[in-house]
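>>> 3D model of this:
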Amino acid sequence: MGDDGAGAAALSALEAGWDLPAEVTCLDLGTPGPYLAECIRGFDAVILFDSVSGTGAPGEVRHFRYDKEHAPPVVQRITPHTPGIGEALATLAFEGTAPSSVTVIGVIPEHVSAGTEMTEAVNRAIPMMASIAVIELEALGFSVPRSAEPRALALWWARTAVPTTC
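Next comes the predicted model:
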């Protein structure tokens, strides 16, 4: 969905450019909707990449931190993306299994529609999103050195052959 691929692209940039410790688990969750709580259950800390709604210019990076005292709002379910992080954390808090720290690193999209191409504004934001994640991981006590030999981005849609005819 165009710029909505920013989360997967930022995760790929993080994995390609830094040597992540074995204790860090990277998951491309796609659009988990009602399964988000299940996907993040059991983690002490969670860092999420995504495109985010907001006022501002396309490509602007937003950075949100949540903990047990400061949770994101629960919103009405209206898209495949919902329930979102607010609902997932509320569910986990009710169970007593919420992560102690949740960070959302997002970018304001310019164009969200069918297709795999992201706009230039969002593409320029991807390295910053990955760098913020490194800062967050280091604040959690992890050592995250730059990779001596950066790897190519591993975007799933670039590896998937799409038929041109039916």
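
>>> ok, for Tyr66, nearest residue in space, not its chain neighbours?
Spatially, and ignoring its direct neighbours in sequence, Tyr66 is nearest to Val102 (4.4 Å; CB to CB, 6 or more residues apart in numbering). The C-beta positions use only the backbone N, C-alpha and C, and glycine is treated the same way.

>>> Look at that neighbour and give its secondary structure.
When classified by DSSP: H, G, I helix; E, B strand; the rest coil, Val102 comes out as strand.

>>> other SSEs contacting the longest helix anywhere in the chain?
The longest helix of the chain (DSSP state H) is helix 120-139. For helix 120-139, the packing partners by 3 or more CB pairs under 8 Å, 6 or more residues apart in numbering; DSSP states H and E come out as helix 6-17, strand 45-51, strand 61-66, strand 101-107.

>>> now these in CSV, with mean neighbour count and mean pLDDT?
Output for those, formatted as CSV (neighbours: other CB atoms under 10 Å; pLDDT from 0 to 100):
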stretch, mean neighbour count, mean pLDDT
helix 6-17, 22, 92
strand 45-51, 23, 91
strand 61-66, 16, 88
strand 101-107, 23, 92
